[in-house]
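Peer 1: Provided below are the primary sequence and the corresponding predicted coordinates.
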Amino acid sequence: MSWLGTIAKHVDYLSGRYEALPVRDDTLRAAVMQVLDEVRRKELKRVHGSSALESAAFVDAEVPYQLYALKDTRHDQVIGCVRVTRADHIATLAQSREEYHLDEFPPELLARSQVFTRLAILRDYRKTAASLVLFRRLGEDALAGGMVTTLLSCEPGLYASYLRLGFRPLGSVHQGSSGGFRIPMVLMNHDLEHYRRVKSPMLAPLSAQAEATAGPASREALLWYRTLEARTGTIDPGVAFYADNAGADGTGEGGDGIEVHAPLTRGLSAAGRAAVLHNAIEIPCHAGDVVLAAGDGGRNMGFVLSGAVQAQIGGRTVSMVGEGELFGEIAVVMNTTRTATLVAVGDDTRVLMLSQTCLDRLDDPADRTQVWRNLAQVLATRVIRFHE
């Protein structure tokens with residue numbers, strides 16, 4: 001983001017352009033459902049149960065919840081939402097216990113923990129201050145309501161964003177119910193020391209309230225997490241940021257020296273290469289893991305770092321993607337749903353996952369032209385291979 005864009009983002013945040021509020025009437029609820037329909041059904045192609053509001057971890061379960069709407073007050077438009085559920089209300093559901101690691105929590109802590117699902121923001125607002133306004137309101141209401149922890153399960157592509165807010169991994173990356181990978185995460189609502197350590201943007205707006213509402217329950221929550229770490233060691237999500245292993249500019253320095261990403265980054269400036277690889281995540285796979293699922297929206301693509309993945313249509317293998325090859329790029333380029341399911345072949349398979357937003361981060365017009373030329377070459381090579 002340019003310096004001008006950064007200033008505009010801060011102005012919008014401070015000016016009150018965006019507003020987050022609980023849904024109290026049918027009109028606001030209908031507007032939220034339109035956002036969910038746009039993001040979950042049309043963009044991501046992920047709808048579980050009877051509506052886009054349902055979570056895969058508790059499909060169609062009769063669970064009480066609070067729905068929040070995020071509005072652009074300048075246009076009087078609902079642009080985002082989130083569903084908030086108390087953890088003890090889903091603790092009897094086996095899939096929820098597994099997804100959010102609820103068995104790690106003592107019962108008294110579950111009653112003071114909340115779970116975020118169906119967090120959705122319209123595409124045009126994802127680089128604005130809107131999400132910070134939403135999380136600020138959620139944090140304020142959580143503290144006022146006596147909540148001491150907040151849980152969610154995120155895609156690897158969003159892992160870095162939640163880390164910056166102050167969330168921490170609660171367990172290892174695992175296969176999602178509909179394919180792809182998920183990472184369980186927890187936020188200790190009163191842990192100001194951690195907020196400061198990660199320079200969370202939530203520190204300033206929430207610090208006074210967090211200090212005022214701190215008490216035995218919040219101290220017990222912090223003790224619980226420290227005890228959990230003491231018992232298991234530092235919790236390893238099982239993923240790594242590629243730049244940490246391959247050098248800050250993604251050139252392979254500090255890693256194995258091989259630019260596995262070269263088909264996409266060839267010819268880019270150092271800044272452009274770093275932008276594309278920013279927040280790229282390395283994920284180890286088990287044989288049979290669904291890396292990307294057919295019918296899913298094209299928000300991710302990746303490279304095979306080691307091993308291989310199979311492209312399957314209707315359970316039949318139609319192609320194999322080996323080390324150094326790009327996969328998932330067609331759905332990203334065409335902005336359409338995936339026609340094939342990509343499955344890890346063996347336990348030695350590792351993939352490097354990139355979000356579609358990696359292409360949007362390129363500021364230099366020459367880099368933007370080059371990356372699309374690279375993608376065109378990858379696609380052309382694939383077509384030629386198919387017809388050989």
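Peer 2: Yes, it's here.
Peer 1: which residues touch the helix or strand where residue 193 lies?
Peer 2: Element membership of residue 193, judged by DSSP states H and E, is helix 192-198. In this structure, residues lying in contact with helix 192-198 by Cβ atoms under 8 Å, 6 or more residues apart in numbering are 163-164, 166, 168, 188, 200, 202-203, 206-207, 210-211. Where C-beta positions appear, they are placed from N, C-alpha and C, glycine not excepted.
Peer 1: likewise for stretch 155-162?
Peer 2: 152, 154, 173, 180-183, 185, 237, 239, 241, 279, 281, 283, 299-300, 353-355, 357.
Peer 1: before we move on, the earlier item: so which of the contacts of helix 192-198 is the closest to residue 362?
Peer 2: residue 164 (21.2 Å; Cβ to Cβ).
Peer 1: residue contacts, the closest one?
Peer 2: 198-201.
Peer 1: A strand includes it, no?
Peer 2: No. Applying DSSP: H, G, I helix; E, B strand; the rest coil, one finds residue 164 to be helix, outside a strand.
Peer 1: and the pLDDT for it?
Peer 2: Looking at residue 164, its pLDDT reads 95.
Peer 1: ok, it to residue 201 distance?
Peer 2: Using Cβ to Cβ, to the nearest Å, residue 164 is found at 7 Å from residue 201.
Peer 1: isn't residue 174 up against residue 237?
Peer 2: No. Counting by Cβ atoms under 8 Å, residue 174 does not reach residue 237; the two are 9.8 Å apart.
Peer 1: ok, these two, which is more surrounded?
Peer 2: residue 237 (20 against 17; other Cβ atoms under 10 Å).
Peer 1: in a strand, the more buried one, correct?
Peer 2: No. Remark: residue 237 does not belong to a strand; assigned using three-state DSSP, it is coil.
Peer 1: the residue nearest to residue 345 when sequence neighbours are not counted: what's it in contact with?
Peer 2: Nearest non-adjacent residue to residue 345, counting by Cβ to Cβ, 6 or more residues apart in numbering: residue 308, 4.5 Å away. Shown in contact with residue 308 (Cβ under 8 Å, 6+ apart): 320-323, 344-346, 349.
Peer 1: could you rerun that using 10 Å?
Peer 2: 320-323, 325, 343-346, 348-349 (Cβ atoms under 10 Å, 6 or more residues apart in numbering).
Peer 1: distance of the spatially most central residue of the chain relative to residue 58?
Peer 2: Centrality entry for the chain: nearest residue to the mean C-alpha point is residue 158, 2.6 Å, by Cα atoms, centre = their mean. Distance, residue 158 to residue 58, by Cβ to Cβ: 20 Å.
Peer 1: ok, residue 313 next?
Peer 2: 31 Å.
Peer 1: and whichever helix or strand residue 138 is part of, what's its mean pLDDT?
Peer 2: Assessed by DSSP H and E, residue 138 sits inside helix 130-144. Across helix 130-144, the average pLDDT comes to 97.
Peer 1: next, the closest residue to residue 66 other than its chain neighbours: phi, psi?
Peer 2: In space, and not counting its chain neighbours, residue 66 is closest to residue 84: 4.6 Å by Cβ to Cβ, 6+ apart. Dihedral angles of residue 84 (phi, psi; degrees, to the nearest 10) stand at phi -120, psi 120.
Peer 1: most neighbours among the contacts of residue 308, which one?
Peer 2: Within those, residue 344 tops the neighbour count with 24 neighbours, counted by other Cβ under 10 Å.
Peer 1: quick one, phi psi at it?
Peer 2: Main-chain torsions, residue 344, degrees, to the nearest 10: phi -70, psi 140.
Peer 1: next up, the contacts around it.
Peer 2: 175, 283-291, 304, 307-310, 350-351.
Peer 1: ok, residue 264 next?
Peer 2: Taking Cβ under 10 Å, 6+ apart, we find residue 264 in contact with 273, 276-277, 301, 303, 326, 329, 354, 358-359, 370-371, 374-375, 377-378.
Peer 1: the same query, at a cut-off of 6 Å, please.
Peer 2: Residues near residue 264 by Cβ atoms under 6 Å, 6 or more residues apart in numbering: residue 374.
Peer 1: in which helix or strand would I find it?
Peer 2: helix 262-265.
Peer 1: quick check: mean pLDDT of that helix?
Peer 2: 91.
Peer 1: ok, now stretch 45-58?
Peer 2: Averaging pLDDT along stretch 45-58 yields 74.
Peer 1: quick one on the thing from earlier: from the contacts of stretch 155-162, which land in strands?
Peer 2: Within the contacts of stretch 155-162, residues falling in strands by DSSP state E are 152, 154, 181-183, 185, 241, 281, 283, 300, 353-355.
Peer 1: among those, which pair sits farthest apart?
Peer 2: 152 and 354 (21.6 Å).
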